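*Asks:* Okay, sequence plus prediction incoming.
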Amino acid sequence: MDGVLDFSIGLTEGVAWPWPIAVYLFLAGISGGSLGVILTMMKLRGLSGDEPLLKASASIALATILLGMLCLVLDLTDPLFFWRILVFYNPTSVMSVGVMMLLFYIPLTAVLTVIVLRHSLKWLPFGLGGLVEKLGDIFNKARGPITWIVLFLAFGICAYTGFLISALIRYPLINTAVLPALFVASGVSAGTAAAKLLATAVFGEKRDSHTMHILHLAEWPMMAAEISCIFMIAMAMIFGMAGAQAAVTAFTTGVWATVFWVGAVGVGFGVPFALGMTGCTRSAAGFWTAGFAAVAGMMCLRLFILYAGQLNSLMLTPV
């Protein structure tokens, strides 16, 4: 008798992991990428103050990782029992390792945020501003080790999001060793863009400052790293086994191919590249357009990898 094996579990549209997971991957990438890049830049330049970009990246990192965890918990079959993954661990499980990292990353990021914003939140009512300042002064005594730990964990979170879904071995587009590197590259690129936007809008960073100029220059190798990773994934599929070759249709047909070419490539790469090459990023309109395009492009890339990777790899096998 002939039958079929469907490798999805059918949550939505025949995919095992639906859009909340893509949003979580996006937010976690922004969180780790933003904080990792800015902390690295500050370490390399010997800066140790509460720079506007550090304030922005810490705020973004904390807000996005908390929102991401909310998406992850709500996607669970029994959201009210999410605490079980905090109690029961499997060292051989990528998800368990990620949870252990998050248990350190989230509170330490919150502590770092309190440190860098302790003098900026005096306006909080009911004495909260004073409390934040006092806590920030206390935590600031351990700022050095906290910063180093958060720095390593930030890049670890970016890589973890790639390792998490690359464990789906049935999907050639997803199950590749290059995916964690792609998620790190795209995370730092979009995270840097988000930090620049918030630092300029809220914390008084100048668009033409020396620090911003350094980040503008750093975006080119970040973009090149993303493109290289995507190219390697595509080549591995084209010259891979039959299942991988069949999944190449993800890049050529269907709505998710449009999301990739228009959203990830056209908006995420094309718009910042064109604006950067023409010098339009020096203007306010060009600066904001390039920043939002980089962030939107990363979201499109996450959606493409997750959805197209699953939908174009569903296999029908005689049994």
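*Replies:* Everything's here; your move.

*Asks:* Just give the number of residues close to G144.
*Replies:* 10 (other CB atoms under 10 Å). Yep, even glycine has a C-beta here, placed from its N, CA and C like the rest.

*Asks:* just checking, what packs against the host helix or strand of it?
*Replies:* Using DSSP states H and E, G144 maps to helix 143-166. If you count contacts as 3 or more CB pairs under 8 Å, 6 or more residues apart in numbering; DSSP states H and E, helix 143-166 packs onto helix 19-45, helix 94-117, helix 179-201.

*Asks:* one more time with 10 Å, if that's ok
*Replies:* helix 19-45, helix 52-74, helix 94-117, helix 179-201, helix 309-311 (3 or more CB pairs under 10 Å, 6 or more residues apart in numbering; DSSP states H and E).

*Asks:* Those: which one's closest to V248?
*Replies:* Proximity to V248 (CB to CB) singles out helix 309-311 among the helices and strands packed on helix 143-166, at 11.7 Å.

*Asks:* For the closest one, give me every contacting residue.
*Replies:* Helix 309-311 is contacted by residues 7-8, 13-18, 165-166, 168, 170-176, 179, 233, 247, 249-250, 254-256 when judged by CB atoms under 10 Å, 6 or more residues apart in numbering.

*Asks:* I'd like the mean pLDDT over that helix, please.
*Replies:* In this model, helix 309-311 carries a mean pLDDT of 81.

*Asks:* Buried residues of that helix, list them for me.
*Replies:* Residues of helix 309-311 classed as buried by neighbour count (16 or more other CB atoms under 10 Å): 309-311.

*Asks:* Kindly report the same for stretch 281-289.
*Replies:* 281, 286-289.

*Asks:* Return the subset of those residues lying in helices.
*Replies:* Counted as lying in helices by DSSP state H, out of these, are 286-289.

*Asks:* Name the nearest of the residues you listed relative to P125.
*Replies:* W288 (31.4 Å).

*Asks:* Not counting residues beside it along the chain, what's closest to that closest one?
*Replies:* L197 (6.9 Å; CB to CB, 6 or more residues apart in numbering).

*Asks:* residue contacts, the one you found?
*Replies:* 56, 60, 205, 287-288, 290-292, 294-295.

*Asks:* And the buried ones among those, selectable in PyMOL?
*Replies:* If you want just the buried ones from the contacts of L197 in PyMOL, going by 16+ other CB under 10 Å, the selection is:
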select buried, resi 56+60+205+287+288+290+291+292+294+295
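
*Asks:* what would the contacts of L197 look like in CSV with pLDDT?
*Replies:* Below are the contacts of L197 laid out as CSV (pLDDT from 0 to 100):
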residue, pLDDT
A56, 95
I60, 96
E205, 91
F287, 93
W288, 94
A290, 93
G291, 93
F292, 95
A294, 94
V295, 94
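
*Asks:* Could you tell me the angle between the biggest helix by length in the chain and helix 19-45?
*Replies:* If you go by DSSP H, the chain has its longest helix at helix 210-238. Calculated by axes from the mean of the first three to the mean of the last three CA atoms, to 10 degrees, helix 210-238 forms an angle of 130 degrees with helix 19-45.

*Asks:* so what secondary structure elements neighbour helix 210-238?
*Replies:* Looks like helix 210-238 contacts helix 19-45, helix 52-74, helix 179-201, helix 242-246, helix 271-277, helix 284-303 (3+ CB pairs under 10 Å, 6+ apart).

*Asks:* which stretch in the ones you listed has the least confidence?
*Replies:* helix 242-246 (a mean of 75).

*Asks:* coming back round to it: okay if I get the helices and strands packed on helix 210-238 as a markdown table plus distance to C229?
*Replies:* What follows is the helices and strands packed on helix 210-238, written out as a markdown table (distance: least, CB to CB, whole Å):
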| stretch | distance to C229 |
| --- | --- |
| helix 19-45 | 13 |
| helix 52-74 | 22 |
| helix 179-201 | 4 |
| helix 242-246 | 16 |
| helix 271-277 | 17 |
| helix 284-303 | 10 |
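
*Asks:* Just the CA trace of stretch 190-199, in CSV.
*Replies:* What follows is stretch 190-199, C-alpha atoms only, in CSV (Å, rounded to 0.1, in the frame of the first residue of the first chain):
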residue,chain,number,x,y,z
ALA,A,190,19.9,44.9,11.7
GLY,A,191,20.8,45.4,15.4
THR,A,192,23.3,48.0,14.5
ALA,A,193,20.8,49.8,12.3
ALA,A,194,18.2,49.8,15.1
ALA,A,195,20.7,51.1,17.7
LYS,A,196,21.6,54.0,15.4
LEU,A,197,18.0,54.9,14.9
LEU,A,198,17.1,54.9,18.5
ALA,A,199,20.3,56.6,19.6
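
*Asks:* Could you number the chain from 730 rather than 1 from now on?
*Replies:* Noted, 730 is the first residue going forward, which turns the last one into stretch 919-928.

*Asks:* Report the residue spans of the stretch 830-979 of the chain with pLDDT below the cut-off.
*Replies:* For the stretch 830-979 of the chain, not a single residue meets the criterion pLDDT under 70.
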